[in-house]
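Participant: pasted the sequence and its predicted model underneath.
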Amino acid sequence: MKKSNMIKFSAAALTFLGISATGVKPVKQPAQAASNRIKVISKQYVTVWTNYQKGRHVATHLKKGSSHFVYQTATDSMGNLWYRIGKKEWVMAKYFNQVKSAKKAVKAKKVKKTKAKVKKTVKKARSAASLAASWSAPMGSKVRAKAVVSLAKQQVGKAYVKGSKGPNAFDNASLVAYVYKQAAGVNTGSSTKSQVKKGIAVDPSSGFAEGDLLFWGSKNKPYNVAIYVGDGKYVTAAGDQQGVVQASLSTYFWPSRARRVL
């Protein structure tokens, strides 16, 4: 074989294998390898250059969010990494992120979903264990009070519906009945009239303990009841507009009486 033909054959072979005589590190051209696609980040558009070394920019600019195959990578004299995305089309790598393959994205989503499910299951198990401990704890135990406070706070944000008994909506009396029954196994009755007679009286001026029932209104038929959750706060079903809320005690709206049921 003649020397000239040998050189041509060698150059063709190098081109076929994706090896450049310029010393640029090539990347195999993927048929549909999504992991080798890049996506514009950071800038509104990216300038395209004819060469990564002292090239001139072309009229084409890449829009933010567009995806392109990477055919070669190279580093310029300043140490900047460049991608070749087409014939005589080079862009700086710092403006791009590699796009995850669809398969990897689906896998990541499944893993995330599984972790969330496990976390939810663990939370439910802990909650069930906490409630079981509360139910078996003696009256007057802080375990019961803590369970009541925890469950009361979990109802914040739910709707107020007069006459509803939960678990998705409450009025003020049914909220108390639901929380005490579920968290401590205590039946408080389903009306403020019955609830104001439960447990022992607490002087409103002497301070409250977690789990205490706070009442507003008359002695025999108060118009509102709430559960004291500590730190000067209480949880109550406040009305149609507010639903179940956590609020702070105020001298302008101080409870007229209180009962300690636990």
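Facilitator: Nice, thanks for sending it over.
Participant: any low-confidence regions in the chain?
Facilitator: 1-44, 59, 99-108, 120-141 (pLDDT under 70).
Participant: kindly list the longest strand within it.
Facilitator: Secondary structure of the chain per DSSP state E: the longest strand is strand 222-230.
Participant: so is the most centrally placed residue in the chain in a helix, a strand, or just coil?
Facilitator: With distances taken as CA atoms, centre = their mean, Ala116 lies nearest the centre of the chain, 9.9 Å away. Put simply, Ala116 is helix when judged by DSSP: H, G, I helix; E, B strand; the rest coil.
Participant: do you know how far it is from Lys158?
Facilitator: Applying CB to CB, to the nearest Å, the value for Ala116 to Lys158 is 22 Å. The C-beta positions use only the backbone N, C-alpha and C, and glycine is treated the same way.
Participant: cool, and Leu62?
Facilitator: Going from Leu62 to Lys158 by CB to CB gives 49 Å.
Participant: of those two, who's got more company?
Facilitator: Leu62 (21 against 18; other CB atoms under 10 Å).
Participant: identify the bridge partners of that one.
Facilitator: Counting by DSSP bridges, Leu62 is bridged to Val46.
Participant: what residues are up against it?
Facilitator: Counting by CB atoms under 8 Å, 6 or more residues apart in numbering, Leu62 makes contact with 40, 45-46, 48, 68, 91.
Participant: once you drop chain neighbours, what's closest to Arg257?
Facilitator: Phe215 (4.9 Å; CB to CB, 6 or more residues apart in numbering).
Participant: burial of the one you found, as a residue count?
Facilitator: Using other CB under 10 Å, the number of residues around Phe215 comes to 22.
Participant: Pro222 is in contact with that one, correct?
Facilitator: Yes - using CB atoms under 8 Å, Phe215 makes contact with Pro222 at a distance of 4.0 Å.
Participant: overlap in contacts of the two?
Facilitator: With CB under 8 Å, 6+ apart, Phe215 and Pro222 have common neighbours 192, 196, 256-257.
Participant: narrow these to those in helices?
Facilitator: Judged by DSSP state H, helices contain the following of the shared contacts of Phe215 and Pro222: Thr192.
Participant: okay, helices next: where are they in the chain?
Facilitator: All helices of the chain, identified by DSSP H, fall at 3-16, 102-136, 142-154, 172-184, 192-195.
Participant: got a list of contacts for the fourth one?
Facilitator: Pointing back at helix 172-184 there. Applying CB under 8 Å, 6+ apart, the contact partners of helix 172-184 are 131, 134-135, 144, 147-148, 150-152, 155, 163-167, 170, 186-192, 195, 213, 224-227, 235-238, 244, 261-262.
Participant: how about 7 Å then?
Facilitator: 131, 134-135, 144, 147-148, 151-152, 155, 164-167, 170, 186-192, 195, 213, 224-225, 227, 236-237, 244, 261-262 (CB atoms under 7 Å, 6 or more residues apart in numbering).
Participant: of those residues, buried ones?
Facilitator: 131, 134, 144, 147-148, 151-152, 155, 164, 166, 170, 186, 188, 190-192, 195, 213, 224-225, 227, 236-237, 244, 261-262 (16 or more other CB atoms under 10 Å).
Participant: how about the CA coordinates for stretch 151-164, as CSV?
Facilitator: The C-alpha atoms that make up stretch 151-164 are tabulated as CSV, following Å, rounded to 0.1, in the frame of the first residue of the first chain:
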residue,chain,number,x,y,z
LEU,A,151,-53.2,15.1,68.6
ALA,A,152,-54.9,18.4,69.1
LYS,A,153,-52.1,20.2,67.2
GLN,A,154,-52.5,17.7,64.3
GLN,A,155,-56.1,18.9,63.8
VAL,A,156,-55.0,22.5,63.1
GLY,A,157,-56.1,23.6,59.6
LYS,A,158,-59.1,21.3,59.4
ALA,A,159,-62.6,22.7,58.7
TYR,A,160,-65.3,23.9,61.1
VAL,A,161,-68.6,22.3,60.5
LYS,A,162,-71.3,22.6,63.1
GLY,A,163,-72.5,19.1,64.3
SER,A,164,-69.6,17.3,62.6
